[in-house]
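# no sequence on hand, only this structure:
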Ligand code: A2P
C-alpha cells in the first residue's frame, strides 16, 4: 500500500494506546485502551477494531464492553490461533497501539426495543460484550423492571466478568442500587460441571430459565429480548422468540427483540 493509500485507510480510525490486558483463559481475553473524547457511541453498539498489519488496517467488528460514560474503552475477544486478527491481537501489550473505528453502529440498542417489563439479554461466548455495556447504562434500568443477563458458555472459565457482575456492580457507587434491584445474572455452562447446565435456548423451552431467574415466562406483549452470539446461536434463538410471537426491532422501527449480526469468529 502506498503512503497515501495507507493514510487514507487509517483516516477511518483513531489510534489508541492499550492500557490494560486480562487473559481469562487460553481462549478469551479482554483489553482496555484510551478513548478519543470525540468518540461517541450508544451502549450495545460495536466498532471496527484492529491493528496495522503490513501497513494496512486489519479490523473486525467488536462490541464495546465499556459503557458510554467510561473514559476508556474495553473489549472482549476470543483467541483463534490461526485467526488473521485475533492470532495477533491476543499478544497485545500495554502501551501498544490499537485502531478504533470512528463510527460505532449496531442494532443491539435499547432504543430499538419497545418499552417493556423484563429485558432478557441472551449471549454465548464473547456475545456477552455488548451486554456488559448495557448493564452499566442507566437508561437500561430506567426502561425495564428487570434486566437478565443469560450467558451460556462451554467452560466455567469462559464466564468472563462473572465476579464483576455478581460482586462489583451491585457495590458500584452509582449503579449498585439499580443493579441490586433489577439485574439478574443467569449463567449456564454446557461442557463441564456447573450448578446450572445447558443451552439458554433449551432452558427457555423447558422453563428452567424461568425457575433460575424467578421471572414469568417470556411474553411478547410484555418482555423484550436481545441476543448476541455465534451465527448458529443467533439463528436458533431468533427462531425460538419468533415462534413465541416476538417481532424484530430495527433502527427505524422498535420491536420486541433485537439481535447483533456482527461478531468475531477468527
Ligand atoms: P454447546 O456446548 O451445547 O454447543 P460456541 O463456542 O460453539 O459458540 O458455543 C458457546 C456456547 O454456546 C456453548 O455453551 C454452546 O453450547 C452454546 N451454543 C452454541 N450454539 C448454540 C445454539 N445454536 N443455540 C444455543 N446455544 C448454543
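Arrived safely, thanks for sending. Treat the numbers as computed from the prediction; the structure is a model and nothing was measured.
# and residue 210, what helix or strand is that in?
helix 208-213 (DSSP states H and E).
# remind me what the next helix or strand after that helix packs against, helices and strands.
Taking DSSP H and E as the definition, the helix or strand that follows helix 208-213 towards the C-terminus is strand 224-228. Using 3 or more C-beta pairs under 8 Å, 6 or more residues apart in numbering; DSSP states H and E as the contact definition, the elements that strand 224-228 packs against are strand 118-124, helix 129-134, helix 231-243, strand 257-259. (C-beta placed from N, C-alpha, C; glycine too.)
# now with 6 Å?
When contacts are defined as 3 or more C-beta pairs under 6 Å, 6 or more residues apart in numbering; DSSP states H and E, strand 224-228 sits against strand 118-124, helix 231-243, strand 257-259.
# how about these in TSV, adding distance to the ligand and mean pLDDT?
TSV is the format used below for those (distance: least, C-beta to the nearest ligand atom, whole Å; pLDDT from 0 to 100):
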stretch	distance to the ligand	mean pLDDT
strand 118-124	3	98
helix 231-243	4	96
strand 257-259	13	96
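# so which of the ones you listed is nearest residue 183?
Shortest distance between residue 183 and the helices and strands packed on strand 224-228, using C-beta to C-beta, is found for strand 118-124: 10.0 Å.
# what comes into contact with the closest one?
With C-beta atoms under 6 Å, 6 or more residues apart in numbering as the test, strand 118-124 has contacts from 131, 144, 146-152, 200, 215, 223-229, 233, 237.
# so which bits of the lengthiest strand in the chain are buried?
Longest strand in the chain by number of residues (criterion: DSSP state E): strand 13-23. Of the residues in strand 13-23, those buried under the neighbour-count criterion (16 or more other C-beta atoms under 10 Å) are 13-14, 16, 18, 21.
# please name the residues that touch residue 99.
Applying C-beta under 6 Å, 6+ apart, the residues contacting residue 99 are 13, 50, 57.
# tabulate the residues you listed (TSV), appending pLDDT and distance to residue 255.
Below are these laid out as TSV (pLDDT from 0 to 100; distance: C-beta to C-beta, whole Å):
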residue	pLDDT	distance to residue 255
13	97	32
50	97	31
57	95	34
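# identify, from those residues, the entry nearest to the ligand.
When the contacts of residue 99 are compared for distance to the ligand (C-beta to the nearest ligand atom), residue 50 wins out at 21.5 Å.
# how many residues are close by that closest one?
23 (other C-beta atoms under 10 Å).
# just the element for it, please.
Using DSSP H and E, residue 50 falls in strand 46-53.
# helices or strands up against that strand?
Here strand 46-53 touches strand 56-63, strand 97-101, going by 3+ C-beta pairs under 6 Å, 6+ apart.
# how about a cut-off of 8 Å?
Packing partners of strand 46-53 (3+ C-beta pairs under 8 Å, 6+ apart): strand 56-63, helix 86-89, strand 97-101.
# of all those, which lies closest to the ligand?
Smallest distance to the ligand across these (C-beta to the nearest ligand atom): 13.8 Å, for helix 86-89.
# pull out the buried positions in that closest one.
Neighbour counts using 16+ other C-beta under 10 Å place 86, 89 of helix 86-89 among the buried residues.
# right, is it up against the ligand?
No. With C-beta under 6 Å from any ligand atom as the criterion, the ligand is not reached by helix 86-89; the gap is at least 13.8 Å.
# ok, and what's touching that helix?
Contact with helix 86-89 is made by 50-51, 53, 58, 60, 77-81, 98, 264, 266, as judged by C-beta atoms under 8 Å, 6 or more residues apart in numbering.
# for PyMOL, write the select line for the buried members of those residues.
Burial among these is assessed by 16+ other C-beta under 10 Å; the matching PyMOL selection reads:
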select buried, resi 50+51+60+77+78+79+80+98+264
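# adding distance to residue 91, write the contacts of helix 86-89 out as TSV.
Formatted as TSV, those follow (distance: C-beta to C-beta, whole Å):
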residue	distance to residue 91
50	14
51	10
53	13
58	14
60	16
77	12
78	14
79	9
80	13
81	11
98	12
264	16
266	16
